[in-house]
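> need a structure here:
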Amino acid sequence: MSHVKTESAPAGDMVDADALLAHVDRISTTVAALHAEDVDHAARFPVETIQALGNAKLLSAGIPRLYGGGGCRLETLAQMCTSLAKSCASSAMIFAMHQIQIASIVEHRAEVPELAEYLRDVVERQRLIASVTSEVGTGGDLRRSIAAVIPSGEAVAIKKAATTISYCEQADDLLVTLRRASDAAPSDQVLLLLRKGQFSLQETGDWNTLGMRGTCSPAATVIGTGAAWQILPAPFRIIASVTMVPVSHILWAAVWFGIASDAFDRARRMTQIRGRKDADSATNGGINLAALATRLDGMRARLESAIHDHAQANSSATCDSTTDMRAALRMNYLKLAASEDVIRIVSDAIQICGIASYRNGGEFSLGRHLRDAHSAPLMINNDRIRRTNADLLLVYKGR
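Predicted structure coming up:
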């Protein structure tokens, strides 16, 4: 699908997509892989990889060509996330989160000329956008806000205490969820774009975590002021259901698939090395590897099916509550399955590789993969998603 519902992708999209994917592959293997261990060890932002992506104009890959961007489809963006995650999951997750923000602006910009100009500026300057959707006191509920938009003359002012803001210190701009007004219900939300220079951050926590250490996502309070046009025209409930949540689940799943794929590749190389020394080992190892390949292929199939379903839903002329619920359930199933499959696949790869995978560093080390994988069920907690699915299933009348 194209990220812009009102514009079809140019005929040459696939040729350009192949070239862009090849460029991402090179950055993954020559830049991200080189720095991944240090990024993880120091819990530092993967500046080398993000700079390389920016220099190649890949941070604007999801922006339509109308504004000078790459015009990439969601499928291509997912492939980029997978490629980066094979080398550095933190780099891939930052890229994914940024593209989710891009998609939210592109698909819900309406006819606001300032937002169109902003997209051109993202292309020109390769601005990095972070998301501020978490908030102290909401229990992790994306669809509730406490902080509100406060009129301030011709501008609007905000103050929001977030539980995590990924790469907030390195981001150029922020997209912040807020109540529409101080007297609005917690679910009556808007999405506000704040540009660099319009906001300050007061960090209230550090980021010394088990995995995904390079995403640098501390708790922080955002204080900022913006113009009225910086509030996206669509209500956040529409942005979330149509774009932010499904694109998040797809691109996150693509990142987790990249982690799992690299774990499988390391297990395969280990099995091949052992097989050259011992025929019996080759047979036993091959059986275990074949089982792992089946699980990995299932993960790939679910991801590809979800991308196809999302494209079909967005191109459909008809949409009703049953269709919406079916789409939400399918995307939730993807998130649940992918976030659990990545842990199982990496764990099975560790069993195949043995002690070599348990050591930090080296060709077969899988400790970083396993630690990064364990973040997956926590990104929109799986128990919350299961509760949502339970509520949907009680009223869902489709197949």
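> those strands in the chain, which residues are they?
Under the criterion DSSP state E, strands of the chain are mapped to 129-132, 150-152, 155-162, 173-179, 189-194, 199-203, 220-227.
> which residues are contacting the third one?
In this case it means strand 155-162. Contacts with strand 155-162, where a contact means Cβ atoms under 8 Å, 6 or more residues apart in numbering, come from 132-137, 145-151, 176, 178, 192, 194, 204, 219-228, 230-231. All C-beta atoms are positioned from the backbone trio N, CA, C, and that covers glycine.
> chain center to it: distance?
Computed by Cα atoms, centre = their mean, to the nearest Å, the chain-centroid distance of strand 155-162 equals 24 Å.
> And the fifth one, by the same measure?
Offset of strand 189-194 from its chain centre (Cα atoms, centre = their mean): 19 Å.
> then that strand to PDB, C-alphas only?
Output of strand 189-194 as PDB, limited to C-alpha atoms (Å, rounded to 0.1, in the frame of the first residue of the first chain):
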ATOM      1  CA  GLN A 189      -7.200  13.100  22.000                       C
ATOM      2  CA  VAL A 190      -5.200  15.000  19.400                       C
ATOM      3  CA  LEU A 191      -1.800  14.500  18.000                       C
ATOM      4  CA  LEU A 192       0.500  17.600  18.200                       C
ATOM      5  CA  LEU A 193       3.700  18.100  16.200                       C
ATOM      6  CA  LEU A 194       6.500  19.900  18.100                       C
END
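> What is that strand packed up against?
Contact analysis of strand 189-194 by 3 or more Cβ pairs under 8 Å, 6 or more residues apart in numbering; DSSP states H and E lists strand 155-162, strand 173-179, strand 220-227, helix 236-239 as its packing neighbours.
> Pick the most deeply packed of the ones you listed.
Each of the helices and strands packed on strand 189-194 was scored by mean neighbour count; the highest is strand 173-179, a mean of 24, by mean count of other Cβ atoms under 10 Å.
> any idea how far residue 83 is from residue 339?
To residue 83, residue 339 is 20 Å away according to Cβ to Cβ, to the nearest Å.
> Can you tell me how far the residue nearest the centre of the chain is from residue 246?
Centroid-nearest residue in the chain: residue 96, 3.5 Å away (criterion: Cα atoms, centre = their mean). Relative to residue 246, residue 96 is positioned 13 Å away (Cβ to Cβ).
> what does residue 167 give?
Distance of residue 167 to residue 246, computed by Cβ to Cβ: 22 Å.
> roughly how far apart are the residue nearest to the centre of the chain and residue 136?
Where residue 136 is concerned, residue 96 sits at a distance of 24 Å (Cβ to Cβ).
> hmm, back to that, quick check: pLDDT value at the residue nearest to the centre of the chain.
pLDDT recorded at residue 96 is 98.
> ok, it - contacts?
77, 81, 248, 251-252, 254-255.
> got a winner among the residues you listed for most neighbours?
Of all the contacts of residue 96, residue 255 has the most neighbours under the rule other Cβ atoms under 10 Å, reaching 31 neighbours.
> I appreciate the help and will end here.
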